[in-house]
Every structure is written in C-alpha cells, then in structure tokens.
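K.L.:
when you get a sec, could you give me coordinates for this:
(chains A and B)
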Protein chains: 2
Amino acid sequence: MLNFLYDIPTKVYFGEGEIKHLGEALKEYGKRVLLVYGGGSIKRTGIYDRVTACLKEAGLFWAECGGVEPNPRIETVRRGIALCKKEQIDVVLAVGGGSSIDCAKVIAAGANSAYDAWELVKDKTKIESVLPVIAVLTLAATGSEMDAGAVISNPETMEKLGVANPGMAPKYAFMDPTYTYSVSPFQTAAGTADIMSHTIESYFQKETGNDLTDTFAEGILKTCVKYGPIAVAEPKNYTARANLMWAGSWAINNLLKYGKGNGWSCHPMEHELSAYYDMTHGLGLAILTPHWMRYILSEETLDRFVSFGVEVFGIDRTLPKMEIAHRGIDALAAFFRSLGLVSTLKEAGVGEEHLEAMAEHAAKLMKNPYVALSKEDILKIYRAAL
Amino acid sequence: MLNFLYDIPTKVYFGEGEIKHLGEALKEYGKRVLLVYGGGSIKRTGIYDRVTACLKEAGLFWAECGGVEPNPRIETVRRGIALCKKEQIDVVLAVGGGSSIDCAKVIAAGANSAYDAWELVKDKTKIESVLPVIAVLTLAATGSEMDAGAVISNPETMEKLGVANPGMAPKYAFMDPTYTYSVSPFQTAAGTADIMSHTIESYFQKETGNDLTDTFAEGILKTCVKYGPIAVAEPKNYTARANLMWAGSWAINNLLKYGKGNGWSCHPMEHELSAYYDMTHGLGLAILTPHWMRYILSEETLDRFVSFGVEVFGIDRTLPKMEIAHRGIDALAAFFRSLGLVSTLKEAGVGEEHLEAMAEHAAKLMKNPYVALSKEDILKIYRAAL
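P.N.:
Below is the predicted model:
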C-alpha cells in the first residue's frame, strides 16, 4: 500500500428535499452567485424553479451561464469566466451532471486568473485561487460532485483534457435521488457504465495489498450491477436511484485511489471517442472496457481478474482461473448490453477514419497504467471494439 | 435510505514515515500544544521521541498530559483542561489509541468552557467552542482518529458515557502502520473485534435499501477476517497492520451510518462491563456479540443474518436460510476465539454480582436499537455469555 494524504472535504446533503439547505450553504461563501447549467432540461423538470426559489428566499443575486454542452467546451468556460468578472461573483453554483459541474469548476478556477482558461486546463500549476463551487447533482455518473477534477473539450484542437486542483472540489454537493428520475434509460445506462469504469480503473492497478479499498470497489460494482437495471426499468425507483447516486460519488472521490497508483487505461482511450465523435462518455467506456480487459488478460494479471469475476459477478471460485477471468469479462460485456447499450464502436457511429490519430494521442495521455499500452496496442483494442 | 449530511472533515496522513508532516499540520492551528498520551508505551517504542522531535523542529511549545487510562477517566480530562487554561494551549495533540484521542477531544471541548468536564460529557449541548485536535494513532481499534465522538468513564458514578461534537473530530490524523507493530497479540485481537463490532452495529439496523453502505461494511468485516489473524501472528506485517488501521477508521467515521439509523446494541451492553470491571472494550464486544446475535435471530431478522453469513464468511448461499444464519454466527464466535480471545464473561473475570444493575443501566442507554431489548432481555444475553 502506498502512502497517501486522505482529504475529501466536500459536504453532502443527501436525500429527497435536502435542497432546502442550499441557501444557507451558498451564504457561507458570499452573496453573488453564478448559476451554471446545461441545455435546459432543469427547466423542464422543475429543478431550475426549485433552485432559483432557494436563491430568492436567501436573498442572493445570481447571473446565469446556461447551455453547457454534454462534453463541456472551453468557450463556455470562457463565457462563464467573463460573467464572473463582470458580475463580481462570489460562488459558482452548478446544477446538472458532470458536464455542468466540470464547467463550473474551471470557471471558478479562471474567475480570478489572468490566464486564458485553456492555459489553465493545459497546465494546472497556473491555477492560483479558485472561487468556491457548490453542486446540485441531477445525473449519477461522473462523480464530479465530490472530486477536484474536471474534463474540458477544445473543438479547435480536437483535445479533451483533464485538470484538477484541490480548490475545485465542491464545498457542498446536493444529491436528491428524485432529481435523477427524469434521466433517460440511455443516460442512466451510460452513467452506470461510467461509475463502473471509474471503479474498474482504480481496481486494476499495479499496487497490491490494499484489500480494504478493493472490497469497497467490489461493493460499488455489485451495487451498480444490482441497481443499474432497476433504474433503467423503473426510473422512479428511489432506492435504485439513491444507491447509484451515492455509488457514483464514491467511485471517484479518491477513496478508491488512496494507497494505489492512479494510472488509468480506458478513460484516455474513451476521451478520444468523445473528442472526435462527441460520444456519450459512459457509452464509450462500456464498449471499450471489455475489449481492454481481454487484451490485457495474461498470467500476470490473472489473479486480479479472478477476484473481479468471483466478487463482482459471483462466478464459481472453484473453476479454473482463466475460465473465471473470461467468464467475468463476458459477464461485464453482457451486463452493459442488458442495460440497452450497444457493444460495438460501429453501432455508435465510429469508423476507421480517425483510429490512428486517436490511438497515437491516447498513448500519449496514458500515464503509468495497469498494463503498459503502446499506440499499436491501443489501435488493436479500438479495432477489436469496432 | 434516510436523508443525511455527509461530513467527514479529518485529513489523514497515512503510511510509514508520514509523521514528518506533523509540525506543519500543528502550525496551521497555533504554537502551543498539549501533548496527551497514555501509560508510557510511546516512550518505550520511541514514538514519543519521534513526535517531540517534530514539535522541536517546528519550534512549538508543548505541555504534557500523560497517564491517560485505557478507559479514560474524567479526572484525567479535568487535569488536561487545567493545563490548557494554565498554558494557553492552541491545539491538543493526542498520541495513542482511542483512549488518548477520546481524552484529548473532551479536553479540547472543555478548554474554553466554564462547565465542569463531566457536565459536558453528560450534556453535549453545553459544548460551545472546541480547540483543534490532531491525532497520532498507535492502535487500530476505536476509530476515534476520524470521528467526532469520545467515551469517558466516571468511576465515582460507575458511568461510562459517550459524547460527540463536530468540533471534536480531529483536523488531522497521522496513521503509520509501523506504530502498531508493538501492539500485543491480545490488544491486536481486541482491536480487531472492536472494529468488527462497530461495523456490525451499523450493519444491523432497521433501515434497509442502503446496499452500497452494506457492501462497504461487508468489505471491512472481510478485511478484518483476513488480516486480524495475520497481525496477531506476525506483528510486523505491514500490509496486515495497514489494512486493519484503515479499516478501523472507516468502521466508525460515520460512512457506515449515513442513510441508516444509529441505534447500537452491543456497545451499551459492553460499556457496563468496562465500567464495572475495567474490561478491554474489544474483548467485551467479542464475547457479547455472538450471544446478542443468537438472541435476536428470528424470522424477522433472518435475511440480514443470511447476508452476513454469505458475504462475510462465505457460507454456501444454497443452504437453508436459518442454517446460514447459525453458521455465520458460529463462524464469528470461532473467529474471535481463533484470535486468542476468551469467549465467556467468567474467563474474563465477570461474575453474577453486578449483572442486574448492569442490565438495568444498559437498557436505559440503548436508543432505538436493531431489535428492542428490555432489561430482562439484556440480562439473558449477559447470562448466556457467562
């Protein structure tokens, strides 16, 4: 187990109706709020009305930065930063899924900065002060509500990059499972895949001996396997929505990373799909992950796959190890299909045209992953997934 | 799942040698430190020297409140408070196990209070300001290093009471698994039982539907079952000590309680044993828990016991449910014995003499437990455990 500094500062109001504490939480940090949200679904669902009612009741000023894209773009971040400067914003309030929250975090990082926002994304050491961020979550997926990271796309350069700073971790997250009732079956499935991928990335690491964390990862995966299908079939099942929502935070709030390395494999490969095809992140992960698993399965990685198969999918532990491993991977692929997700890149609209460039870039982004992958390795995984 | 406010503010430096950050952590909170510790084992192990070297290097003043008892007593708390007032202490540094940390927390709560310390323990609403607490952990057991509670004994009134205040949660905890290498096999076993009992108390609650948390609880229990015996047999096994240490914090830092009730069963019964016989807390819990389980096992509680047996001890899930439940309880009792702990109250020096009074008091302390227990029920559990 590696040494680490545990630090998860976000406070979470969890449960139906907890939005009532939003005004007091915001007022801890100031009086002038920038409200950041996406394409307007929060207006259809009534969440916008509930949030702005809290702002009014608390006597807070707010400006709005709506229209954040599913893969949030740097020009939207720049628009938010300009609003912060113009309106002397004290606190940035994101209402939405990971896109709105990620966008809000980088807006907060740029509000007091002389650098262009893309400079901050490319080089996090340029981030100096960060406005406080508060998140109201409406989609269980990215875990952005409880971590310090953000992913931003730049269509001009075809890049999708991650950036993190401790100050970007939300001060408060509001998680009301009923706010996810309106999430479509497809987005629910993709979100579940995203949560599972975060967990799998941390579970498959070179460092061993952190058994406690491994059991937590297995627990998150089992919870997704149990409740993902229920949430897809019964969108208003509170227990399913609540478990997925809480699992989404714990999959990536850093607990699973402490004491382990942090080299991810499928995310760098998927970020290329989102950058080139604007693909839903969780769908890309669901397609790639089983193929990545099959590619890296070997005598060296076998024991980890055995644990995965036995603990997550209940594969009979008395079977030959290699059979357990294959059955586990097959079970994962079948699970994603059972959620209604397509299982090939072609079905998701991806052709051969950019695979070379994508593989080259993904290889550069991949830092110390579980099994080292060259551009050629990644290309083989993309092709297997076609 | 019940609504909750998640708030675990303690930062943790985890791993061998992380004590090097102690000086900078203390200096965030002031220059005058009260060093709280137990019976002197930290002097024999060299931990005292390492801690005071950090204090010297950081240029900090310190006063000392040593001699904290295994079940910390109110008069020791009073002595610490007097020192805080006399020496104008800024920050309270506990070095030890749960006893020293609990004592330090209540000292911190009383340092600026006009009330007598026992008044604060009896009525937490009287706690106003709390000095910052920093903990250096030397025993994996109580989880006090990452929670906001403390348990203090008053020999005059034969009471042992818990008290909690958000301000009492340590600002930093330093967890170096090598600091627990010198913990005796008996204390290692008792600590393991304590960790498991905290987990079991939260696992057996009336509220259902918090599956994610249940999987975490099962993971903590499995980790204890795997590493408890290794730590007893190989005191310097880093991986075993590290897993137990981290498990100890997560068993009781509140994560397992969120979304559930908080009515505990075995702890109120055990506190009487510690109060009357100064029994090691973890030993009392190890003796009582299997008897409590057998007493409350019924058709109504059966499903929870089935999950416990299958997930924690790997009992064959195809067996009849009641058989799984009994096998799981037997496995827990056998596990505690395998750690070298005695399994009856008589072997631990307890006779019939105080059982009535203990049962009466425990019944009063028990608030909304998993299965309601009257004085007569508790007496039966004590007698079964004799």
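
K.L.:
after the longest helix along chain A, next one along is what?
P.N.:
If each helix of chain A is counted by residues according to DSSP state H, the longest one is helix A:211-233. Reading on from helix A:211-233 to the C-terminus, the next helix or strand found by DSSP states H and E is helix A:238-250.

K.L.:
near chain B, which residues of the stretch 251-386 of chain A?
P.N.:
Residues of the stretch 251-386 of chain A that fall close to chain B, judged by CB under 8 Å from any CB of the partner chain: A:258, A:259. All C-beta spots, glycine's among them, are computed from the backbone N, C-alpha and C.

K.L.:
so where's the stretch 251-386 of chain A uncertain?
P.N.:
Residue ranges of the stretch 251-386 of chain A with pLDDT under 70: none are present.

K.L.:
ok, which stretches of it are helices?
P.N.:
Counting by DSSP state H, counting those that start in this stretch, the stretch 251-386 of chain A has helices at residues A:266-277, A:281-296, A:302-307, A:313, A:321-338, A:355-365, A:375-385.

K.L.:
mean neighbour count and distance to residue B:56 added to the ones you listed, as a markdown table?
P.N.:
Converted to a markdown table, those look like this (neighbours: other CB atoms under 10 Å in any protein chain shown; distance: least, CB to CB, whole Å):
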| stretch | mean neighbour count | distance to residue B:56 |
| --- | --- | --- |
| helix A:266-277 | 23 | 46 |
| helix A:281-296 | 24 | 50 |
| helix A:302-307 | 18 | 45 |
| helix A:313 | 19 | 55 |
| helix A:321-338 | 18 | 54 |
| helix A:355-365 | 18 | 46 |
| helix A:375-385 | 18 | 53 |
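
K.L.:
one step back: and the longest helix of chain A, what does it pack against?
P.N.:
Judged by 3 or more CB pairs under 8 Å, 6 or more residues apart in numbering or on different chains; DSSP states H and E, helix A:211-233 is in contact with helix A:185-203, helix A:238-250, helix A:321-338, helix B:211-233, helix B:238-250.

K.L.:
mind saving the C-alpha coords of it as CSV?
P.N.:
C-alpha atoms of helix A:211-233 as CSV (Å, rounded to 0.1, in the frame of the first residue of the first chain):
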residue,chain,number,x,y,z
ASP,A,211,-7.6,-5.1,0.3
LEU,A,212,-9.9,-2.8,2.2
THR,A,213,-10.1,-0.5,-0.8
ASP,A,214,-10.6,-3.4,-3.1
THR,A,215,-13.6,-4.6,-1.2
PHE,A,216,-15.1,-1.1,-1.4
ALA,A,217,-14.5,-1.2,-5.2
GLU,A,218,-16.2,-4.6,-5.4
GLY,A,219,-19.1,-3.2,-3.4
ILE,A,220,-19.6,-0.3,-5.8
LEU,A,221,-19.5,-2.6,-8.8
LYS,A,222,-22.0,-5.0,-7.1
THR,A,223,-24.3,-2.1,-6.3
CYS,A,224,-24.2,-1.0,-9.9
VAL,A,225,-24.9,-4.5,-11.2
LYS,A,226,-27.9,-4.7,-8.8
TYR,A,227,-29.4,-1.3,-9.3
GLY,A,228,-28.4,-0.2,-12.8
PRO,A,229,-31.1,-2.4,-14.4
ILE,A,230,-33.7,-1.4,-11.9
ALA,A,231,-33.1,2.3,-12.5
VAL,A,232,-33.3,1.7,-16.3
ALA,A,233,-36.6,-0.2,-15.9
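
K.L.:
and the helices in the stretch 1-150 of chain A?
P.N.:
Going by DSSP H, counting those that start in this stretch, the stretch 1-150 of chain A shows helices at A:22-27, A:41-45, A:47-57, A:74-87, A:98-110, A:117-122.

K.L.:
lowest-confidence stretch among those?
P.N.:
Among those, helix A:41-45 has the lowest mean pLDDT, at a mean of 92.

K.L.:
so what touches it?
P.N.:
Contact with helix A:41-45 is made by A:48, A:49, A:51, A:95, A:96, A:138, A:179, A:182, as judged by CB atoms under 8 Å, 6 or more residues apart in numbering or on different chains.

K.L.:
may I see the helices and strands packed on helix A:211-233 organised as JSON lines, with distance to residue B:370 added?
P.N.:
Shown next, in JSON lines, are these (distance: least, CB to CB, whole Å):
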{"stretch": "helix A:185-203", "distance to residue B:370": "30"}
{"stretch": "helix A:238-250", "distance to residue B:370": "19"}
{"stretch": "helix A:321-338", "distance to residue B:370": "33"}
{"stretch": "helix B:211-233", "distance to residue B:370": "13"}
{"stretch": "helix B:238-250", "distance to residue B:370": "20"}
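
K.L.:
which stretch among the ones you listed comes nearest residue A:264?
P.N.:
Smallest distance to residue A:264 across these (CB to CB): 4.4 Å, for helix A:185-203.

K.L.:
distance of the nearest residue to residue A:194 once chain neighbours are set aside relative to chain B?
P.N.:
In this structure, residue A:194 finds its nearest non-sequential neighbour in residue A:282, 3.7 Å apart by CB to CB, 6 or more residues apart in numbering or on different chains. As judged by CB to the nearest CB, to the nearest Å, residue A:282 and chain B stand 18 Å apart.

K.L.:
please name the nearest non-neighbouring residue to the residue nearest the centre of chain A.
P.N.:
Nearest to the mean C-alpha position of chain A, by CA atoms, centre = their mean, lies residue A:142 at 2.0 Å. Using CB to CB, 6+ apart and skipping the chain neighbours, the partner closest in space to residue A:142 is residue A:98 (2.7 Å).

K.L.:
so the one you found makes contact with residue A:146?
P.N.:
No. Between residue A:98 and residue A:146 there is no contact under CB atoms under 8 Å: 11.0 Å.

K.L.:
ok, those two, which is more surrounded?
P.N.:
Legend: neighbour count by other CB atoms under 10 Å in any protein chain shown for residue A:98 and residue A:146, higher for residue A:98 (30 against 27).

K.L.:
and that one, how close does it get to chain B?
P.N.:
The gap separating residue A:98 from chain B is 19 Å, by CB to the nearest CB.

K.L.:
and that residue, what is it in contact with?
P.N.:
So residue A:98 contacts A:139, A:141, A:142, A:143, A:144, A:145, A:151 (CB under 8 Å, 6+ apart).

K.L.:
once you drop chain neighbours, what's closest to the second one?
P.N.:
Going back to what we said before, that points to residue A:141. residue A:191 (3.4 Å).

K.L.:
neighbours of that neighbour, just the number please.
P.N.:
Residues lying near residue A:191 (other CB under 10 Å) number 28.

K.L.:
need the contact list for residue A:111.
P.N.:
A:81, A:84, A:85, A:89, A:92, A:130, A:131.

K.L.:
just to revisit the earlier point, of the helices and strands packed on helix A:211-233, give the one that comes closest to residue B:303.
P.N.:
So among the helices and strands packed on helix A:211-233, helix B:211-233 is nearest, using CB to CB, at 11.5 Å.

K.L.:
pull out the buried positions in the closest one.
P.N.:
Across helix B:211-233, burial judged by 16 or more other CB atoms under 10 Å in any protein chain shown covers B:211-232.

K.L.:
returning to that earlier point: so how far is residue A:317 from the residue nearest to residue A:194?
P.N.:
As defined by CB to CB, to the nearest Å, residue A:282 lies at a distance of 30 Å from residue A:317.
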